[in-house]
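Peer 1: How does the following fold in three dimensions:
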Amino acid sequence: VERALTLLDEGKSAKEIAEILEEEKKKIVVIALLDTLEYLKKGGRISTMSAIIGGVLDIRPVLQVTEDGKVAAIEKVKGEKKMYAFSDISTLVSFLDAKLKNDLLYKIEEKIESEKTYDKKLSFILCTHKISDVLYECMDALVSQDAPKEDYEIVFVNNNFKDDKIKEFVLDVGKNHPDVTINYITAPFPGLSNARNAGLWEAKGKIVHYIDDDAIAYSSLARECIKTFAEHEDAGVIGGNIVLEIPEGCQDIVTENTRPLWSELIIDSDKYKTARDYGDFPYGANFAARTKTLMQIGGFRTMYGRVGNNYAGGEETLVCFMTEETGQKIGLEPKMNVKHKVDASRFNKEHIKKTAYAGLMTQYRLRLDVYAPQDWNDSNVSERQKKAESAKRRFKEESPDYIYYDAMSKAFGDVLDNRRRVYEILNSYNKNN
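Peer 2: Prediction:
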């Protein structure tokens, strides 16, 4: 009204005033800065979760009345210092989600970089997703170590938090062994690497030792592990012997070639040795590292490692490669021993075929991801495939060794096919650019 009176005083006609006001009306924007998200939630414009998140982050949205009369969030003010523009409520909610995750990552980064106090010499990290008979033996061996009880702790990681029996089992062990520090935690995201990282985060030991839920530690394991790291300050990772216990009736399927497929590792020395190359790297059933070293490289890569009952692996090998990049060495100590009591159901031909194939394909993946040395080419991969084909013919069809070499041959063949597809893609790209 005031604008119309001003135009009238300027001598404009009624028609001219109407035309001017109509044009200027389009430039008017109604904006409101809200002090709370409560009424947006009650009005159904945002979800309860968005309101909670916004409250936690002190979000104060700026709303605009659009030309068609709708209300939309266009800006956000946090502490009246920063302003962000949004086209609609959906974009705002997406921003809140990203902002929350971003703030959480900063907090994690801050905690990682902050100095942490380690009041134990060693943390055993035991990850599982189910109760088994051998798990009782595994825990009994850990609480019965001959090292001083104040020197070590057990970090038990439940990778199946919906199973209350696992928690009950750990709590019972703790009640029966009050002299041993047992820290029970859950890792809600499935996968061995996720569980191992959760254990690393909670560990209070200067050394973390990862032991499988079907491995039985010798009584001297903690003591020998602590001693070996103290004697070899240049080592970032140290592994030990993994002695495979073959169930009754399964001896025929275990051969010299197939034994490693159940994670057996026997160090070819009676004294400590440094790994010569990645062929010497230790396995996860008896795998220890300096906690700060593992934190420095970012822990285990979650894109590697088993999830559920699959046959993937390679996460320990990757850790060893990255540890070497820091200038530290990979060691092997024959006095660090565990007994591996693999379930009898896994001693079958299917396990041989899938584990042999997956192991080789993991080696290929480590090279694709540039963690491993780039020492494979078409020529030597083809040669290895031919050797595997030749080797399998020396054995009776469907025998354990035949299945092993057949799986290796197929894996090398698939590696060659993948390499050729990469060449085709690169050639096509080069032609078009």
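
Peer 1: Could you report the neighbour count for the spatially closest residue to Glu245 that is not a sequence neighbour?
Peer 2: Beyond its immediate neighbours in the sequence, the residue positioned closest to Glu245 (Cβ to Cβ, 6 or more residues apart in numbering) is Lys341, lying 5.0 Å away. All C-beta atoms are positioned from the backbone trio N, CA, C, and that covers glycine. Using other Cβ atoms under 10 Å as the criterion, Lys341 is surrounded by 20 other residues.

Peer 1: quick one: low-confidence parts of the stretch 201-350 of the chain?
Peer 2: Applying pLDDT under 70 to the predicted model, the residue ranges of the stretch 201-350 of the chain that meet it are 308-309.

Peer 1: coming back round to it: and the residue nearest to Glu245, how close does it get to Ser94?
Peer 2: Using Cβ to Cβ, to the nearest Å, one obtains 49 Å as the distance from Lys341 to Ser94.

Peer 1: Counting neighbours, show which residues of stretch 174-192 come out buried.
Peer 2: Using 16 or more other Cβ atoms under 10 Å as the test for burial, stretch 174-192 gives Gly174, His177, Val180, Thr181, Ile182, Asn183, Tyr184, Ile185, Thr186, Ala187, Gly191, Leu192.

Peer 1: what residues are up against the closest residue to the second one other than its chain neighbours?
Peer 2: For His177, ignoring the flanking residues on the chain, the nearest one in space by Cβ to Cβ, 6+ apart is Val143 at 4.4 Å. Applying Cβ atoms under 8 Å, 6 or more residues apart in numbering, we find Val143 in contact with Ile154, Val173, His177, Val180, Ile182.

Peer 1: quick one: which of those residues is nearest Ile403?
Peer 2: The closest of those to Ile403 turns out to be Ile154 (Cβ to Cβ; 37.9 Å).

Peer 1: what about that closest one, which helix or strand?
Peer 2: Taking DSSP states H and E as the criterion, the element that holds Ile154 is strand 152-158.

Peer 1: What strands flank the longest strand belonging to the chain, and is each parallel or antiparallel?
Peer 2: As assigned by DSSP state E, the longest strand anywhere in the chain is strand 329-340. Here strand 329-340 is paired, per DSSP bridges, with strand 215-217 (antiparallel), strand 235-244 (parallel), strand 273-274 (antiparallel).

Peer 1: got the CA coordinates for the longest one in PDB?
Peer 2: Pointing back at strand 235-244 there. Coordinates of the C-alpha atoms in strand 235-244 are reproduced here as PDB (Å, rounded to 0.1, in the frame of the first residue of the first chain):
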ATOM      1  CA  ALA A 235      59.300 -55.400  13.500                       C
ATOM      2  CA  GLY A 236      55.900 -54.000  13.000                       C
ATOM      3  CA  VAL A 237      54.100 -57.400  12.500                       C
ATOM      4  CA  ILE A 238      55.100 -60.800  13.900                       C
ATOM      5  CA  GLY A 239      53.400 -64.100  13.200                       C
ATOM      6  CA  GLY A 240      53.900 -67.600  14.600                       C
ATOM      7  CA  ASN A 241      53.300 -71.300  13.900                       C
ATOM      8  CA  ILE A 242      49.800 -72.500  13.200                       C
ATOM      9  CA  VAL A 243      49.700 -76.200  13.800                       C
ATOM     10  CA  LEU A 244      46.700 -77.900  12.000                       C
END
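
Peer 1: buried ones in it?
Peer 2: So strand 235-244, judged by 16+ other Cβ under 10 Å, has buried residues Ala235, Gly236, Val237, Ile238, Gly239, Gly240, Asn241, Ile242, Val243, Leu244.

Peer 1: Now do the contacts for the first one.
Peer 2: Pointing back at Ala235 there. Applying Cβ under 8 Å, 6+ apart, the residues near Ala235 are Thr228, Phe229, Thr274, Arg290, Gln328, Lys329, Ile330, Gly331.

Peer 1: again, only using 10 Å
Peer 2: If you count contacts by Cβ atoms under 10 Å, 6 or more residues apart in numbering, Ala235 has them with 228-229, 272, 274-275, 288-290, 293, 323, 328-333.

Peer 1: same thing with Val338?
Peer 2: For Val338, the contacting residues are 138, 141, 209, 211-212, 214-218, 221, 240-243, 263, 265, 285-287, taking Cβ under 10 Å, 6+ apart as the criterion.

Peer 1: Make a PyMOL selection of whichever of the residues you listed turn out to be buried.
Peer 2: Only the buried members of these enter the following PyMOL selection, criterion being 16+ other Cβ under 10 Å:
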select buried, resi 138+141+209+211+212+214+215+216+217+218+221+240+241+242+243+263+265+285+286+287
